Every structure is written in C-alpha cells, then in structure tokens.
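> got a predicted structure here, sequence first:
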Amino acid sequence: MSRLRAFLVFVVCATWPARAAHAQRPPTSEPASGPQRLSQETHNRCRRPESDTARNFRPQFAQNRPLGCQRGFGFEGGPAATTFSSPNTTFASRTGLVLGSYVYWPLSDPWSFQPEIQYGLKGARSVGNGASTTLVLNYIEAPLFLRMSTTPKSDGRRRGSEVVFFGEAGPEVAVDLSCQASVVNASATQTSSCDAGTADAVASSDYGVIGGVGADLRMRRQVFTAVLRYDVGVKSISGGSDARNRAISMLFGIRW
C-alpha cells in the first residue's frame, strides 16, 4: 500500500507543471478560410456590441446596426410611365402612380427578402382613325423581391449617414380593381367601363416579373430609399389582342 501511495504522489508531482502551463495558455484558433471566413465576417459585422447603452436601451442600440442587418417596415411611392406591349398595336405611354408599403427582412449577407403590397395606376394611350383612346387600370399589386446589397463600409457603430446600393428582382401578381376607357375624337368624348362582364373587358388579374436598382440612405433612426424599377407583364390583359403591361417607376420611401 505504501508503494502504491508513493507511486501516485510521484505521478501527480510529475504532471502538475504541464497541467498548470496548459491552463494558463490562452486559447488559440486557426484562421478560417473560404465560406467559414465569410460567415464569420458577416457575424462580426452584424453582431451586437456589448455596452452599457446596448444593455440598458435596446431600441436605440438596434438603430446603430449596419443597414443589411436590421429588419424594418416602410412606405414608398412615386410616378410611373406605363404602356402596353402589343405586336398588333402601337401604344404610347401615360403617367401612372405607385403607392405601397413593405417589410424588409435580412437573410444571409448580402441577401434580403422584401414583400410589398402596392396600389398601381397603369394604362396606355393609342391614336388612330382620328381618335385618341386612353385606357386606365387600377391594380392592387403584390411583388416579392429578393435583394442583393453592397456591404457598408462602417460596422454600424458610428453615428451618421450610411449608404448601401442594391439590386432587386422577383415575381409580381396583381388584381384589377377597375378599368376605364376614354375615346376622344373631334366631336365628342366617350367614356366607358372595361371591367369584367362588359364588352371591352380586360383580364381581372395580371402577373409578371419586376426588377430594379436603388440605394438606401440611413439618417439616424430612418432609412431613406430611392429605387428605379421596370415592370414586365407576362399575361395578356386583353382577350381581343395580345397586350401586356409595361411600366417604369421611380419610387422614394422611408423605412424604420
């Protein structure tokens, strides 16, 4: 028994310096590479720095995070130039309008998802046989955007302005609320409905693709947005001819 006890004491005394040195050694990690390094950079850029202000007042801290890392809700609107694309008839553009709201939802950097709900005023003009015909359509539209943004230069901790450029694209569905056709000739102006159930009815729904480029500008608690979009209808809105919606819009908005 005394020999066993002496052996255990010898083992403990021999290994104790190595254990103590290992415990005092700071942890080391090899630098990551490839996708792992990109994931770590995204995490470091979007992570929440620990500070007394952050712990005591979370909403104020959240506004200092980089633009691509914060969720938000916003409104947007602006003018549009709308027309129809048809192989049989030449249409001229008319002034339209887009008003709506959206939710900004960041995904993995640099991607984000932005569903929207909009009111869209579309239509076109055509001139022929001594008369001018104007078609006005009112839509409720629901585009779904996948956005790719540039990486901001700051890490979100400095106060002040910050600009991020982005491109976006996605599908869009629309429901026709009302339709009105106006025919103007030398003698009179005739207005008629082109809603569903009438002789000159247009399709009650539409779908297509929409894309654009723009920029986000953060000023304190708000994010101001400007985006140029091009809307291409895939479905023909007229049963008598192949006419499809086309629109170019310039929208300005604000997000919180």
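Sure thing, it's come through. Residues are numbered from 1 along each chain as shown.
> gap between L107 and R229?
Distance of L107 to R229, given as C-beta to C-beta, to the nearest Å: 21 Å. C-betas here are computed from N, CA, C, even on glycine.
> between those two, which has more neighbouring residues?
Using other C-beta atoms under 10 Å, the more surrounded residue of L107 and R229 is R229, with 21 against 11.
> ok, that one touching R246?
No - with contact defined as C-beta atoms under 8 Å, R229 does not reach R246; the gap is 11.7 Å.
> what is the neighbour count of the residue lying closest to C194 once chain neighbours are set aside?
Counting by C-beta to C-beta, 6 or more residues apart in numbering, C194 lies nearest to C179, which is 4.0 Å off, once chain neighbours are set aside. Neighbourhood size, C179 [other C-beta under 10 Å]: 24.
> equivalent analysis for F91, please.
A total of 19 residues lie near F91 under the criterion other C-beta under 10 Å.
> please name the bridge partners of the residue nearest to V98 when sequence neighbours are not counted.
Among residues not flanking V98 along the chain, S249 sits closest, at 4.9 Å (C-beta to C-beta, 6+ apart). Applying DSSP bridges to S249 gives these bridge partners: A80, R229.
> so what's S249 up against?
Listed by C-beta atoms under 8 Å, 6 or more residues apart in numbering, the contact set of S249 reads G78, P79, A80, A81, G96, V98, L228, R229, D231.
> show me how to select, in PyMOL, the buried members of the residues you listed.
Filtering the contacts of S249 down to the buried ones (16 or more other C-beta atoms under 10 Å) takes a single PyMOL command:
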select buried, resi 78+80+96+98+229+231
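> settle this for me: V213 is touching F165, isn't it.
Yes - contact criterion C-beta under 8 Å: V213 and F165 qualify, at 7.5 Å.
> what sits against the spatially closest residue to G130 that is not a sequence neighbour?
Nearest residue to G130, sequence neighbours excluded (C-beta to C-beta, 6+ apart): N185, at 5.8 Å. Going by C-beta under 8 Å, 6+ apart, N185 touches G130, A131, S132.
> and the gap between the second one and F252?
Right, A131. Distance check for A131 against F252: by C-beta to C-beta, it reads 36 Å.
> where in the stretch 51-200 of the chain is pLDDT low?
51-69, 152-160, 186, 195-200 (pLDDT under 70).
> that one: strands as residue ranges?
Applying DSSP state E, counting those that start in this stretch to the stretch 51-200 of the chain gives strands spanning 72-85, 94-106, 111-128, 131-149, 162-184, 189-193.
> export these to a markdown table and tack on distance to G208?
As requested, these are exported to a markdown table (distance: least, C-beta to C-beta, whole Å):
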| stretch | distance to G208 |
| --- | --- |
| strand 72-85 | 11 |
| strand 94-106 | 14 |
| strand 111-128 | 11 |
| strand 131-149 | 9 |
| strand 162-184 | 5 |
| strand 189-193 | 24 |
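> compare those strands and give me the one nearest R218.
Of all the strands of the stretch 51-200 of the chain, it is strand 162-184 that lies closest to R218, at 4.6 Å by C-beta to C-beta.
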